[in-house]
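Chemist: next input, structure requested:
(4 chains)
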2 protein chains.
Amino acid sequence: MIIDPSADDRLDHAFMALADPVRRAIIARLSRGPATVNELAEPFAITKQAVSKHIQVLEHAGLVTRTRDAQRRPVHLDAAQLEALTAWIDRYRLIHEQQFRALDALLAQAPGPEAGASVATETGDHL
Amino acid sequence: MIIDPSADDRLDHAFMALADPVRRAIIARLSRGPATVNELAEPFAITKQAVSKHIQVLEHAGLVTRTRDAQRRPVHLDAAQLEALTAWIDRYRLIHEQQFRALDALLAQAPGPEAGASVATETGDHL
DNA sequence: TCATTGATCAACCATGTGATTGATTAAACG
DNA sequence: CGTTTAATCAATCACATGGTTGATCAATGA
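Modeler: Reported below is the predicted structural model:
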């Protein structure tokens, strides 16, 4: 149905997908190799159907893919989307760090008690 | 109310907080320095109350803090929690990469067509 | 063919989320 | 004091999410 989901939507779904401890546990498990729905459901006190839904959420978020092996549908981690998430976070984390360094430099240069200047080094937004 | 929120809960809230484009835009803005609710609300076509709620979500997730300046309540980015998120993601992203490297090494060592071994290098879980 | 196994589909329910409008608190200003 | 400004509180609403049970589909194997 969806032709070209915007980068925004992909981030929405991916972050949302990780906002659930069951789905994070599934990601943790899959980081060690593919697994079937039954194998993934085994550690949890919820039904297989619920786990199946969680996997669909992860798949829709682009975090996992499913192949086919007879009746089994093994789930594989797709690390590319995880990388996109760290990329987003780090982008703003690093800008924030730079602001602090810039402010430090300013205070070191002009050590008067009136230095209430706003730190505003312009950078393109991209959301 | 909450005394010691588990690391799990903190991750839940933080990932959930980033699963909304408005809140990500707020984070992006705050990476360049503190801002008031009115300033943060200005670019959006939603009410100030809605933005105030978004900020509460971010605050509850430990991603921002609020100080006081007369009637204003400036919002500041708190990058520590962002770091916790990248730490979680990278943990499993890197384990996954290692699996691939281990598998590659195996295939290189024994290039027979029957190499269907499961890759299972044990590592402690932590969710 | 028929039963078994693996997984999804469908309907339903409780709860949570994002948004709204209207009222309220709190500090500064005249 | 009363007014303006900044922001939150409260009630409400539509809709999404996470879970359940029961039925169904699809491939294997006796």
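
Chemist: which parts of chain A are helices?
Modeler: Using DSSP state H, the helices of chain A run over A:7-18, A:21-30, A:37-41, A:48-60, A:79-109.

Chemist: which pLDDT value belongs to the residue nearest to A:D8 when sequence neighbours are not counted?
Modeler: Closest residue to A:D8 apart from its sequence neighbours, by C-beta to C-beta, 6 or more residues apart in numbering or on different chains: B:P21 at 5.3 Å. C-betas here are computed from N, CA, C, even on glycine. pLDDT, B:P21: 97.

Chemist: distance of B:P21 relative to DNA strand C?
Modeler: Distance, B:P21 to DNA strand C, by C-beta to the nearest atom of the strand, to the nearest Å: 8 Å.

Chemist: swap in A:D20?
Modeler: From A:D20 across to DNA strand C, the span is 11 Å (C-beta to the nearest atom of the strand).

Chemist: what distance do you get for that residue to A:D69?
Modeler: As judged by C-beta to C-beta, to the nearest Å, A:D20 and A:D69 stand 26 Å apart.

Chemist: burial of the residue nearest to A:S52 when sequence neighbours are not counted, as a residue count?
Modeler: Nearest residue to A:S52, sequence neighbours excluded (C-beta to C-beta, 6+ apart): A:V37, at 5.6 Å. For A:V37, the count of nearby residues is 19 (other C-beta atoms under 10 Å in any protein chain shown).

Chemist: picking that back up, now the helices of chain A in TSV, with distance to B:P43?
Modeler: Listed next are the helices of chain A as TSV, based on distance: least, C-beta to C-beta, whole Å:
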stretch	distance to B:P43
helix A:7-18	15
helix A:21-30	31
helix A:37-41	41
helix A:48-60	28
helix A:79-109	16
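
Chemist: ok, which of those comes nearest B:A79?
Modeler: With C-beta to C-beta as the criterion, B:A79 lies closest to helix A:79-109 of the helices of chain A, at 4.9 Å.

Chemist: between the closest one and helix A:21-30, how big is the angle?
Modeler: Computed by axes from the mean of the first three to the mean of the last three C-alpha atoms, to 10 degrees, the angle separating helix A:79-109 from helix A:21-30 equals 110 degrees.

Chemist: hmm, back to that, could you check which of A:D20 and A:D69 is surrounded by more residues?
Modeler: A:D20 (17 against 9).

Chemist: any low-confidence regions in chain A?
Modeler: Counting by pLDDT under 70, chain A contains low-confidence ranges at A:1-5, A:110-127.

Chemist: make it 80
Modeler: A:1-6, A:100, A:102-104, A:106-127 (pLDDT under 80).

Chemist: so which bits of it are right by DNA strand C?
Modeler: By the rule C-beta under 7 Å from any atom of the strand, the part of chain A lying against DNA strand C is A:36-39, A:48-49, A:52, A:55-56, A:66, A:71-74.

Chemist: quick revisit: how much space separates the residue nearest to A:D8 from B:T47?
Modeler: Distance of B:P21 to B:T47, given as C-beta to C-beta: 17 Å.

Chemist: between these two, tell me which one has more neighbours.
Modeler: B:P21 (15 against 10).

Chemist: hang on, isn't the more buried one packed against A:A7?
Modeler: No: applying C-beta atoms under 8 Å, one finds B:P21 not in contact with A:A7, separated by 10.2 Å.

Chemist: what number of residues lie near the closest residue to A:I26 other than its chain neighbours?
Modeler: Nearest residue to A:I26, sequence neighbours excluded (C-beta to C-beta, 6+ apart): A:L40, at 5.5 Å. When neighbours are defined as other C-beta under 10 Å, A:L40 has 22 of them.

Chemist: distance of A:L40 from A:A70?
Modeler: Here the distance between A:L40 and A:A70 works out to 17 Å (C-beta to C-beta).
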